[in-house]
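> Have a look at this fold, sequence not included:
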Ligand code: HEM
């Protein structure tokens with residue numbers, strides 16, 4: 001059955017083919033990236049408070065799906081919309097920017113080419129409208 005999601009369920013697909021997805025190392029690359037991302041988020045005092053008691057494994061799985069969709073890797077996103085999943089968290093712009101910085105660190109650590117990093121960041125940046133509520 002089809003599930004109705006809010007408009008920002010997932011960022012738009014930004015690639016015409018799976019070449020960007022491959023630059024991220026495909027599925028295994030995204031799993032590794034998101035594992036490192038969560039470690040960095042938990043180590044960052046600006047973001048750890050949000051994630052320490054959250055369902056980290058679930059969030060990581062949803063991030064892999066979402067990034068895969070954005071990178072045209074041929075996945076389906078099965079998670080909640082961005083508005084719904086962040087509505088109760090009271091996220092401000094500084095916390096949002098901190099998370100983006102941490103994603104950049106994780107991508108650097110995984111040797112993702114700079115142009116590919118920028119493509120993913122550009123697709124995710126507009127989501128602040130649904131995520132920042134404070
Ligand atoms: C572009 C930026 C972001 C993206 C793409 C993103 C993506 C996601 C996804 C896919 C989920 C899982 C939804 C589900 O449960 O189905 C999620 C949940 C969550 N996100 Fe984000 N997020 C972003 C920004 C942030 C920021 C800035 C914070 C806090 C600093 C944050 C904290 C959380 C937390 C705590 C959850 C779990 C909520 C719960 O317990 O249900 N997110 N996010």
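Received the coordinates, thanks. Everything numeric in this text was worked out from a predicted model, so none of it was measured. Residues are numbered from 1 along each chain as shown.

> Excluding residues flanking it in the chain, which one is nearest residue 75?
residue 68 (3.6 Å; Cβ to Cβ, 6 or more residues apart in numbering). Where you see a C-beta, it was placed from the backbone N, CA and C, and this is true even at glycine.

> Sorry, wrong one. I was asking about residue 108.
Closest residue to residue 108 apart from its sequence neighbours, by Cβ to Cβ, 6+ apart: residue 117 at 7.8 Å.

> correct me, but residue 105 touches residue 40?
Yes - contact criterion Cβ atoms under 8 Å: residue 105 and residue 40 qualify, at 5.4 Å.

> Pick out whichever of the two has more residues nearby.
residue 40 (19 against 15; other Cβ atoms under 10 Å).

> For that one, give its distance to residue 134.
22 Å (Cβ to Cβ, to the nearest Å).

> cool, and residue 124?
19 Å.

> try residue 11
21 Å.

> and these two? which has more neighbours close in?
Taking other Cβ under 10 Å, residue 11 and residue 134 do not tie; residue 11 has more neighbours (19 against 10).

> Next one: the closest residue to the more buried one other than its chain neighbours, what pLDDT does it get?
Distances taken as Cβ to Cβ, 6+ apart place residue 123 nearest to residue 11, at 4.4 Å, with adjacent residues excluded. Note on residue 123: pLDDT of 92.
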